[in-house]
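Asker: kindly return the folded structure for what I paste below:
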Amino acid sequence: MKIVVFGASEMGLLIATEFFEDHDITIIDKEENKTEALNRLDISFIAGNGSNINTLKSANIEDADIFIASTSFDEANIVSCLTVSRLSRAKTVCFVSKPEYIESLKLVKNTQYEMIDFVIWPEELLTQEIFRIITVPEAVDVENFAQGRSRLLEYRIKEDSLILGKKLKDCRFPDETLVVAITRDEKLFIPDGETEFLLNDKAIFMGSSTSLDILAREIFQSKSKVKTAAIIGGGSVGLMLAQNLEKVNIKTKIIEKDYKRCEDLTEELKDTLVLYGDGSNMELLEQEDIGESDVVISVTNNDEKNLLCSLLTKQIGAKKVITRVSKNTNISLFEKVGIDVAISPKEAAINEIRNNLIETDVEILATVERGQGRIIESVIPSNFEETAIMNLKLPVKAIISTIQRGHSVIVPKGITILKPNDKILIFTTEDDSQKIIDFFR
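Answerer: Modelled structure (predicted):
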C-alpha cells in the first residue's frame, strides 16, 4: 500500500515508524524538518508543501492509496486533503486540533460537499478511551464489542491481588471469562494453564459483559462504581471528559490555572466544580480533597506537569490515577513510577489509522498494549464444515474469545462447535496476526 504523509511532525514520524516495514511511505515537508530519525527509516522524502499540486505530483499522489495530513496546522491539513481529493482517488485523512474545525467538517459529512474521508482529532479519541477506563474502577484498559455484550478488560496484578502467585489452571474465574494475554516486562504473550500470575503483570480478560462484571467484583474487588472524579487541566480533553462524566452523574472537580479558561468552563459545564489554581500545588490539592476522589485524571498538554500532578495526587491518597502522555516513549516510564494508566492521544490516533485504513483485508476491531495484541473479527464461510474449536489446528497461538451467532453471543470452550456464518472475535499477537488472518480467510 502506498501512503503519502504530509508533515514530518512527531505524528508523521510515528506513522512512518509504525507502517514503513509493510508499506511504501512518502513524507512531504520542508527540508529543514527532516530529522535523523526519519533518515533511519526506509522511506521517501519530498521537500515541499503538501498543499502544492506540483509537490503532490512529485510524490506520485495519483498512485497513492492513502494520504495523511498530520502537520501541526489544521488549515494546512484541510487544504492539502481537499487538494488531494481533486488529484487522486487516495483516501484522505486529516488531523485537526481545534473543535471548531471538527464541527465544521461534521456539517458536510455525508453530503455532496464531503471531500475528506477521515477526520482524526486525537484528543477526542483520548477522551473516549479515558472515559471507558473510568467506568471500570480497577481496569487499565477497556474495550467493548458486540454492542456492549462482550468486553475486554485489562488489570494490573498488585500485591493484594487474589490471583497473585497462582497458576492460570488453578484460578476460578467466572463462567464465560477467558484470559487471552499477559503483558510482563512490556512484552505481551498468550498464556497457558501453567502460566503463573506475577506481581505487576497486566492480565487481559475477554468475555461476556456480565461475567466480566462478576470478575471485577469478585476477583479484583471493584465493589462500587466511580462516584467522584478530579480532572487536572481544563483544555479540550478536560472539558469533553467533564461533560461525559456529568452525563453519568459522576461528581467532578476540574482544576485549571488560566482564569479566563475557568470562566469558559463554568459556562460550558453545569454540574462540575471549576477550581482556579495549579494542579501541582499540594496545598490546593489537600484543601479541595483531591486525594479523596475515586479517580484523578491529569490531562494538561505537558508531560512533566502531568507526571508531577499525578504523583502528588497518588501521595495524598487518590485510588486511581490516569495520566495523559504526549510522547509515546514516556508511557512505560510513567507506569514504572506508579501511574496506574498512562495514555497517549498519538497512540490512539495510530490505532485508528491501523484499524480503519491500513488493515483493509480484515476487520481489526482493537489493539492493546501499544499494538502488541490484536482483536480480529472474521466470519466463518457458508461452506465451512462444522468443527469443534479444539480441532481447528491453528497455525499459531490465538484464542477465539467470542462467537456471535444470530442474536446470541457465546464465549466458547474447546468443545464449542463453530458453524457456518458464525462471526468470531480472535485474540492474537501482532507477530502472529497475519497467519491467523490468512488461516480464517
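
Asker: residues contacting Glu369?
Answerer: By Cβ atoms under 8 Å, 6 or more residues apart in numbering, the residues touching Glu369 are Ala181, Thr183, Leu188, Lys202, Ile204. The C-beta positions use only the backbone N, C-alpha and C, and glycine is treated the same way.

Asker: most surrounded residue in the residues you listed?
Answerer: Ile204 (27 neighbours; other Cβ atoms under 10 Å).

Asker: look at it and give its secondary structure.
Answerer: strand (DSSP: H, G, I helix; E, B strand; the rest coil).

Asker: what's the nearest residue to it if we skip its chain neighbours?
Answerer: Take Ile204 and drop its neighbours on the chain: the residue closest to it by Cβ to Cβ, 6 or more residues apart in numbering is Ala181, 4.2 Å away.

Asker: against Met115, how distant is Cys81?
Answerer: Distance of Cys81 to Met115, given as Cβ to Cβ, to the nearest Å: 7 Å.

Asker: can you work out which residues contact both of the two?
Answerer: Here Cys81 and Met115 have Thr92 as joint contacts, going by Cβ under 8 Å, 6+ apart.

Asker: more crowded one of those two?
Answerer: Per other Cβ under 10 Å, whichever of Cys81 and Met115 has more neighbours is Cys81, with 27 against 16.

Asker: on contacts alone, who are the packing partners of the helix or strand where that one lies?
Answerer: Using DSSP states H and E, Cys81 falls within helix 74-87. Secondary-structure packing of helix 74-87 (3 or more Cβ pairs under 8 Å, 6 or more residues apart in numbering; DSSP states H and E): strand 2-6, helix 53-58, strand 66-69, strand 91-95, helix 99-107.

Asker: what's in contact with the fourth one?
Answerer: Under the criterion Cβ under 8 Å, 6+ apart, residues 7, 11, 65-71, 74, 77-78, 81, 84-85, 105, 115-122, 349, 353, 357 lie in contact with strand 91-95.

Asker: direction included, what does it pair against?
Answerer: The strands beside strand 91-95 in its sheet (DSSP bridges) come out as strand 66-69 (parallel), strand 118-120 (parallel).

Asker: so which bits of whatever helix or strand comes next after the shortest one are buried?
Answerer: Tracing the chain past strand 118-120, the next element assigned as helix or strand by DSSP H and E is helix 122-134. Counting neighbours by 16 or more other Cβ atoms under 10 Å, one finds that the buried residues in helix 122-134 are Pro122, Glu123, Glu124, Leu125, Leu126, Thr127, Glu129, Ile130, Phe131, Arg132, Ile133, Ile134.

Asker: one more: stretch 306-319?
Answerer: Asn306, Leu307, Leu308, Cys309, Ser310, Leu311, Leu312, Thr313, Lys314, Ala318, Lys319.

Asker: of those, closest to Leu164?
Answerer: Lys319 (19.0 Å; Cβ to Cβ).

Asker: list the contacts for that closest one?
Answerer: Lys319 is in contact with Pro137, Ser293, Asp294, Val295, counting by Cβ under 8 Å, 6+ apart.

Asker: low pLDDT regions in the chain?
Answerer: 106-114, 222-224, 358-363 (pLDDT under 70).

Asker: residue boundaries of the helices in the stretch 301-441 of the chain?
Answerer: Under the criterion DSSP state H, counting those that start in this stretch, the stretch 301-441 of the chain contains helices at 303-315, 331-336, 345-353, 433-440.

Asker: format those as CSV; extra columns: distance to Lys34.
Answerer: Shown next, in CSV, are the helices of the stretch 301-441 of the chain (distance: least, Cβ to Cβ, whole Å):
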stretch, distance to Lys34
helix 303-315, 25
helix 331-336, 26
helix 345-353, 20
helix 433-440, 31
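
Asker: those helices: which one's closest to Phe197?
Answerer: Taking Cβ to Cβ, helix 331-336 is the member of the helices of the stretch 301-441 of the chain nearest to Phe197, at 17.6 Å.

Asker: packing partners of the closest one?
Answerer: Short answer (3+ Cβ pairs under 8 Å, 6+ apart): helix 331-336 packs on strand 341-343.

Asker: any residues touching the strand it packs on, and which ones?
Answerer: Strand 341-343 is contacted by residues 126, 129-130, 133, 140-141, 320-325, 330-331, 334-335 when judged by Cβ under 8 Å, 6+ apart.
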